[in-house]
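# Task: produce atomic coordinates for the following.
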Amino acid sequence: MTTSVLFVCMGNICRSPTAEYVFKTRLAHRGLPGDFLVQSCGTGAWHTGGGADKRSVAAATQRGYDLSPHSARALSDEDFKFFDHLIAMDLDNQTQMMARCPEEFRHKIKLFMTYAPESGLTEVPDPYYGEDGFELVIDLIEAATEGFLDELESHH
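So this is what the prediction gives:
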């Protein structure tokens, strides 16, 4: 049985593609990639069809993650039904997702940082409008990925 995971941020060029590729890489390290379908998207459609932000790509590359295959897309109404887990990077995106999501699927929507409670943070901060913060984003995503994978493995 395949488990499907969708990571969601605002424009799908910084945080959610980073989460997608970190998650895929960590899945491979655990020997689980065949059991999962992992994608990312944005609540906004401004960057549809484009690649990840060059600063995200650079920071990810330094950590051994390849974001080059990424093509941004917007969240669709079908995603709520299709994906088992819809993982929001921050409260604003979670709120937007909850507003669009049919009641019967809202239990699938979670904040990513709930899987890294030791961080003391509830959100992965958006690094888009600054020149730094991309390394912090990867730190937080790596921590939350490990917590999320631990939870998924315990229920798998």
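
# tell me what the longest helix along the chain is packed against?
Counting residues, the longest helix found in the chain (DSSP state H) is helix 134-155. Judged by 3 or more Cβ pairs under 8 Å, 6 or more residues apart in numbering; DSSP states H and E, helix 134-155 is in contact with helix 15-30, helix 54-62. Glycine gets a C-beta too; all of them are placed from N, C-alpha and C.

# Flag every buried residue along that helix.
Neighbour-count burial for helix 134-155 flags 134, 137-138, 140-145, 147-149, 152 (criterion: 16 or more other Cβ atoms under 10 Å).

# Dump the C-alpha coordinates for it into CSV.
C-alpha atoms of helix 134-155 as CSV (Å, rounded to 0.1, in the frame of the first residue of the first chain):
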residue,chain,number,x,y,z
PHE,A,134,17.7,28.9,3.8
GLU,A,135,20.1,26.8,5.9
LEU,A,136,17.7,27.2,8.9
VAL,A,137,14.9,26.0,6.7
ILE,A,138,16.8,22.9,5.9
ASP,A,139,17.7,22.3,9.5
LEU,A,140,14.0,22.5,10.5
ILE,A,141,12.9,20.4,7.6
GLU,A,142,15.5,17.7,8.4
ALA,A,143,14.3,17.6,12.0
ALA,A,144,10.6,17.5,11.1
THR,A,145,11.3,14.9,8.4
GLU,A,146,12.9,12.5,10.9
GLY,A,147,10.0,12.9,13.4
PHE,A,148,7.4,12.4,10.6
LEU,A,149,9.2,9.3,9.2
ASP,A,150,9.4,7.9,12.7
GLU,A,151,5.7,8.3,13.2
LEU,A,152,4.9,6.9,9.7
GLU,A,153,7.1,3.9,10.3
SER,A,154,5.5,3.2,13.7
HIS,A,155,2.0,3.1,11.9
